[in-house]
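Chemist: Model the following, please.
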Amino acid sequence: MSRNEISHKGRIVSVTPESTIVEIVSTSACAACHAKGMCGLSESKIKTIEVPTDPYSEHSPGDEVEVVLKKSMGLKAVWISYVIPLFILMILILSLSSVTVHEVYAGLGAIAGVVLYYLLIYIFRDRLSKDFVFYIR
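Modeler: Numbers count the residues shown, from 1 in each chain. Sure, this is the predicted structure:
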């Protein structure tokens, strides 16, 4: 694995000429702890990822593969999903509070701004999905 890539082990669920569906198990950081059964804080989720099918590969359902994404795309995802909404929230709270809007309305306005941002992300999800392309190694 290169330093410029993020990879996960997965299992192929289905293969079509256009896309391959890969199932990965995402575990928390404490999943390897010997006491994970006692504390109940460890969790794992099964996620499915759609990967464009390579016409020259011979993958079939059930194969174990490694799904890879460029690290720069992972950082871009963090900015889009966490950092920008935090800036929107803070800017709206501070600006609405400074113009002597009641605190409740400033908080609701800030939350509405973040909801609007995530709504725009949802509307443009097809455009964003073209930027975030996984591939199988």
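
Chemist: Now stretch 9-25: buried residues?
Modeler: For stretch 9-25, the neighbour count (16 or more other CB atoms under 10 Å) marks 10, 12, 15, 20-22, 24 as buried. (Each C-beta comes from the backbone N, C-alpha and C, glycine too.)

Chemist: Could you list which of those belong to strands?
Modeler: Among those, the members found in strands (DSSP state E) are 10, 12, 15, 20-22, 24.

Chemist: Of those residues, which pair is most distant in space?
Modeler: The span of those, defined through CB to CB, is set by 15 and 24 at 15.9 Å.

Chemist: For the protein, give me the ranges with low pLDDT.
Modeler: The chain contains residues with pLDDT under 70 at 1-2, 27-43.

Chemist: quick one on the thing from earlier: identify, from the ones in strands among the buried residues of stretch 9-25, the entry nearest to residue 87.
Modeler: Out of those, the member with the shortest distance to residue 87 (by CB to CB) is residue 24, at 30.2 Å.

Chemist: which ones are touching the nearest residue to the closest one once chain neighbours are set aside?
Modeler: Closest residue to residue 24 apart from its sequence neighbours, by CB to CB, 6 or more residues apart in numbering: residue 10 at 3.9 Å. Neighbour list for residue 10: 22-25, 49, 64-67 [criterion: CB atoms under 8 Å, 6 or more residues apart in numbering].
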